[in-house]
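> prediction below, plus the sequence it came from.
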Amino acid sequence: MKKITYNLIIVAFLSIFGCNKKENSNQPQKEQMENIQVSDYGVTAKGDSIRKFTLTNKNGMKMEVINFGGIITSLTAPDKNGKYEDVVLGFTKPEDYFNGNPYYFGALIGRYGNRISNAKFTLEGKTYDIDKNDGPNSLHGGKEGFHTKFWDIEPVKDVKFPTLKLTYTSADGEEGYPGKLTTTVLYTLTDDNALEITYEAETDKATVVNLTQHSYFNLSGNFSKTILDHELQINGDKFTPVNETLIPTGEQKEVKGTPFDFTASKAIGKDISAEDDQLKKGKGYDHNWILNGSGLRSIAKVYHSESGRMMEVLTDEPGVQFYSGNFLDGKFETKTGGNNEFRTGFCLETQHFPDSPNQPSFPSTELKPGQKYQTKTIYKFSVKK
């Protein structure tokens, strides 16, 4: 009896230990599912069912992403009182994202972020005509760019922070671009209140690639307010002046002594109305800054004193397009009431330079078979009291 009882105790102990071990092995996946919620969002005119993925970090910061355009529809950040509010502009109706998204709110941009002059470029001796959707030029990959595409999205398992993997394969010739391009983007929401974006792409034919993210920020949390009181610092001593159609002239101009000097933090609105030819052409700031340094580094900081919110941008890209929302025209309602009026949001689009395929002096955006396009950008939020 004693021997039988002893054996039963051992079996019971092993059974309990084994159950606990099995339960613990499933814990990361369970936590992952708790940190990423999936829900229905809407249906496009083509009949695609769109889903929304909501990521939450340990602090309660949330990000919402849809599998149409890889669009970030909401991103919250705390103010100096600990209140989390949405800080990215967006539409109130799903169909407004599906029916053109004229401002590119929150979207992944490809194949080529920014403008390409005369909607054409030459690569390996062959000239390619791409979609002309911005006057004489091509903008953000064309009318049917990546911002209009259905992306495959899946939560990434066994990772430290909630992460989404987005994939899209662009066919050879799509919007005029050569090569079958397979693109992968990772969105990660970390516990230090940072959105990390990792881009990768591969091609089967020589092509050009310049991916970016087109979220508009307003750190006040009130989208009917302008962003002119936000204080901005950019770690760039030069910018690329543009012509009348916002294509770089090829010049790399020092910012010192111009309204484009953000080497020291200043209000966006301080010099935006200055008598300056470049500001007139862009209707404000809509220019590429040539960033100092290389590798993943801090390239910009934005501070909103009333809320106390601070956003730092880190990237390994050579440039950033600072856009002050000059073409927002009040045609759509905001998520906080009122309309998306002139200069109620700003973008910091990390990227290679505009029109690089036609400008040999700019960093190359060419991608060849066997090469892998890789770049990373981080938007990190904090509070300054």
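Cool, the structure landed.
> would you state the helices of the stretch 151-300 of the chain in chain order?
Secondary structure of the stretch 151-300 of the chain (DSSP state H, counting those that start in this stretch): helices at 277-282.
> where do the strands sit along it?
Along the stretch 151-300 of the chain, counting by DSSP state E, counting those that start in this stretch, strands occupy 152-155, 163-170, 181-189, 194-203, 207-208, 212-213, 231-234, 238-240, 253-254, 266-267, 286-290, 297-304.
> so what strands line up beside the last one?
What it means is strand 297-304. Strand 297-304 sits in its sheet next to strand 231-234 (antiparallel), strand 309-315 (antiparallel), going by DSSP bridges.
> okay, the strands of the stretch 151-300 of the chain, which one's buried deepest?
strand 212-213 (a mean of 28; mean count of other C-beta atoms under 10 Å). Every C-beta, even on glycine, is put in place using the N, C-alpha and C of the backbone.
> nearest to S324, out of the strands of the stretch 151-300 of the chain?
S324 sits nearest to strand 286-290 of all those, at 7.1 Å, using C-beta to C-beta.
> and that closest one, how far out from the chain middle?
From the chain centre to the centre of strand 286-290 is a distance of 16 Å (C-alpha atoms, centre = their mean, to the nearest Å).
> which residues touch it?
With contact meaning C-beta atoms under 8 Å, 6 or more residues apart in numbering, strand 286-290 is reached by 114, 234, 236-242, 246, 248, 252, 255, 260, 262, 278, 318-324, 326, 351, 353-354.
> host element of the closest residue in space to V87 that isn't next to it in sequence?
Closest residue to V87 apart from its sequence neighbours, by C-beta to C-beta, 6 or more residues apart in numbering: A77 at 5.0 Å. Using DSSP states H and E, A77 maps to strand 72-78.
> and the following helix or strand past that strand, what does it pack against?
Sequence order places strand 84-86 as the next helix or strand after strand 72-78, per DSSP H and E. With contacts defined as 3 or more C-beta pairs under 8 Å, 6 or more residues apart in numbering; DSSP states H and E, strand 84-86 has these neighbours: strand 72-78.
> give the other helices and strands that the strand it packs on contacts.
Counting by 3+ C-beta pairs under 8 Å, 6+ apart, strand 72-78 packs on strand 62-66, strand 84-86, strand 309-315, strand 373-383.
> which one of those lies nearest to E175?
The closest of these to E175 is strand 373-383. By C-beta to C-beta, the value is 17.2 Å.
> okay, angle between the closest one and strand 297-304 too, please.
Note on geometry: by axes from the mean of the first three to the mean of the last three C-alpha atoms, to 10 degrees, strand 373-383 and strand 297-304 are set 40 degrees apart in direction.
> a markdown table for the strands paired with strand 297-304, including distance to G82?
Shown next, in a markdown table, are those (distance: least, C-beta to C-beta, whole Å):
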| stretch | distance to G82 |
| --- | --- |
| strand 231-234 | 21 |
| strand 309-315 | 12 |
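> in CSV, list those strands along with distance to N218 and mean pLDDT.
Shown next, in CSV, are the strands paired with strand 297-304 (distance: least, C-beta to C-beta, whole Å; pLDDT from 0 to 100):
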stretch, distance to N218, mean pLDDT
strand 231-234, 13, 98
strand 309-315, 10, 98
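> out of the ones you listed, which gets nearest to H147?
Using C-beta to C-beta, these put strand 309-315 closest to H147, at 19.8 Å.
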